[in-house]
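In: Sequence first, then the predicted structure:
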Amino acid sequence: MFRSARCPHLGLSALLLVSGCSMVPDYQRPTSTLPQGFKEAPGWRPAAPADDRPRSEWWTWLGDTELDALQARVLVSNQNLAAAMAAYDQARAATDEQRAALFPRLNLQGSATRAGSFGSDTAVIAGGAGGGAANSGSFNSSRRYSASLGASWEVDVFGRLRASASQAGALAQASAADLANATLAARGELALNYVQLRATDAQADLLDKAITGFLRALDIANNRYAAGVVGRVDVLQAETQLQSARADAADLARQRAALEHAIAVLVGESPSTFALAKTAWAPQVPVVPAVLPSELLERRPDIASAERRVAAANAAVGIERAAYFPTLNLTGSAGFTSSSVASLFDIASSVWSLGATGLMTLLDFGARSARVDQARAAYEQTVAEYRQTVLVAFQQTEDQLSAVRILEQVEEQRAAAATAADEAEQITLNQYVAGVVSYSDVILAQATALDARQASVTATLNRQTAAISLIQAIGGYWGGELSS
């Protein structure tokens, strides 16, 4: 999998200095076995998007302006996206830093020094018969001023610096894909939570209507019990059904609160200050345009990220292989040095220097070889992770394709069942008033009708969530208007 490094003839030193050579193995995108089509949707037509193309506002098919406003707030205030953007900015800065290492570095230096030594001078002073001596201390010093412009350059003969820049660039591209993936995930999660909240409101409306019906049925049972037509058990059964429905309504309120809190966090607001008013439920389910398997690799940002990390790991192999070869540094400086500021910039005070330094490790007892092996193993790891990401992408797409196809049938059947259950409930209640059936039959009919109505709402919600999840599974949507 690792090809030989690319390098010109090593004997031509001048050519090496000009062009250098690369220790990075030739990179080829990892291969994956791709199916010709999706098993769960064999009739899907081709599409030709790419990962870096802007994604359309696919959530607008819900026809909910409040959701549109929330989606706009995600890009501005979502903290996960803010963290992903900061990580991308770091990766771009790291790329700029690595590229800068390919060029010489210039330094301007100036100095002013004063140096000296402590000592003593002895003078003999004649006087008197015996003479005498006195010591006087002195401090000798000198001054030196200098100004110079220096340059240093590591000649990238064996491609280590270029490999580092290539690695940093690939990681920056991976970070950009991570940002796109985080954006897709945040918007998808918001859409999922929002439709679940609206479906919860619809379920609550059904329960409110059912509770009104249960209250009416309780009044009928009480009147018939007062008239001595039925026993006390009918009243207790009606009361049990009413209280159970009220408990279900309270639990729905709990679920709605949790969804509202989750939406608040997604748009970067405290749940304590965020609220969504109830609105009429108008569910719309789109028909998601098709994509062929080969195009899925271009759509999904997580696949793009995994592939770029493979490229970065490939460059890392070249970085470690370059450690087998010497490094070459060129240095030079030009400036002035003088003992006087006045004569500092005179031609007589000018100085210059040129130099070259080479460094090569001769013996490290296998340390470099071990690092190369580590880099190759890390490359193989990223290849495996890339292929696993591709497999998961196809799994998620197949899952949602089957869900979209099957849930359409389920929704139709649930709607038909709810219509039949509503009619059966009304007939049974009329029969109870006429004394034909017992109240247990009424309870059964009412419970069945409520379950059928709620199941119908859930079926529509499931179709919505499957469509949203399918859009996420194919990496977003690039086309025109989605059909519903």
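Out: Perfect, thanks for sending it.

In: how near is G335 to A342?
Out: In this structure, G335 and A342 are separated by 17 Å, where distance is defined by CB to CB, to the nearest Å. Every C-beta, even on glycine, is put in place using the N, C-alpha and C of the backbone.

In: what about the two, which has more around it?
Out: Using other CB atoms under 10 Å, the more surrounded residue of G335 and A342 is G335, with 19 against 8.

In: now that one, what's its secondary structure?
Out: At G335, secondary structure determined by DSSP: H, G, I helix; E, B strand; the rest coil is strand.

In: List the contacts of it.
Out: For G335, the residues meeting the contact criterion (CB atoms under 8 Å, 6 or more residues apart in numbering) are Q109, S146, A147, S148, L149, G150, S350, V351, W352.

In: again, only using 10 Å
Out: G335 makes contacts with 108-110, 146-150, 344-345, 349-353, as judged by CB atoms under 10 Å, 6 or more residues apart in numbering.

In: so who does P35 touch?
Out: Per CB under 10 Å, 6+ apart, neighbours of P35: L292, P293, S294, F394, E398.

In: For V410, state which of the residues you listed is nearest.
Out: Nearest to V410 among the contacts of P35: E398, at 18.0 Å, using CB to CB.

In: Kindly indicate whether the closest one is helix, strand or coil.
Out: E398 - assigned by three-state DSSP - is helix.

In: Next one: it from P35, what distance?
Out: 9 Å.

In: residues shared between the contacts of the two?
Out: Common neighbours of E398 and P35 (CB under 10 Å, 6+ apart) do not exist.

In: Where does the prediction get shaky in the stretch 101-250 of the chain?
Out: Flagging of the stretch 101-250 of the chain using pLDDT under 70 yields the residue ranges 119-140.

In: let's see 50
Out: Counting by pLDDT under 50, the low-confidence segments of the stretch 101-250 of the chain come to 122-137.

In: residues near S440, how many?
Out: Number of residues near S440 (other CB under 10 Å) recorded here: 12.

In: Can you point out the buried residues in the helix or strand it falls within?
Out: Using DSSP states H and E, the secondary-structure element containing S440 is helix 439-473. Counting neighbours by 16 or more other CB atoms under 10 Å, one finds that the buried residues in helix 439-473 are 439, 442-443, 445-450, 452-473.

In: Report the distance from that helix to the chain centre.
Out: For helix 439-473, the separation from the chain centroid amounts to 34 Å (computed by CA atoms, centre = their mean, to the nearest Å).

In: helices or strands next to that helix in the packing?
Out: The criterion is 3 or more CB pairs under 10 Å, 6 or more residues apart in numbering; DSSP states H and E, and the helices and strands that helix 439-473 contacts are helix 160-226, helix 232-266, helix 367-433.

In: Out of these, which one sits most buried?
Out: helix 160-226 (a mean of 20; mean count of other CB atoms under 10 Å).

In: Tell me which of the helices and strands packed on helix 439-473 lies nearest to L359.
Out: helix 160-226 (12.3 Å).

In: List the contacts of stretch 243-258.
Out: Applying CB under 10 Å, 6+ apart, the set of residues contacting stretch 243-258 from outside is 193, 196-208, 210-215, 271, 276, 278, 446-447, 450, 454.

In: try 7 Å
Out: Stretch 243-258 is contacted from outside by L197, T200, D201, Q203, A204, L207, D208, A210, I211, F214, using CB atoms under 7 Å, 6 or more residues apart in numbering.

In: I'd like the residues you listed as TSV, with distance to A177 appended.
Out: What follows is the contacts of stretch 243-258, written out as TSV (distance: CB to CB, whole Å):
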residue	distance to A177
L197	30
T200	34
D201	36
Q203	38
A204	40
L207	44
D208	46
A210	48
I211	50
F214	54
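
In: mind checking pLDDT for A449?
Out: As summarised for this prediction, A449 has a pLDDT of 93.

In: Tell me how many other residues crowd N78.
Out: The local packing count at N78 equals 22, with neighbours defined by other CB under 10 Å.

In: Go ahead and confirm it touches E269.
Out: No. Because the distance of 10.1 Å does not satisfy CB atoms under 7 Å, N78 is recorded as not touching E269.

In: What angle do helix 232-266 and the helix or strand A82 falls within make with each other?
Out: Remark: A82 resides in helix 79-100, with elements defined by DSSP H and E. Orientation note: helix 79-100 sits at an angle of 20 degrees relative to helix 232-266 (axes from the mean of the first three to the mean of the last three CA atoms, to 10 degrees).
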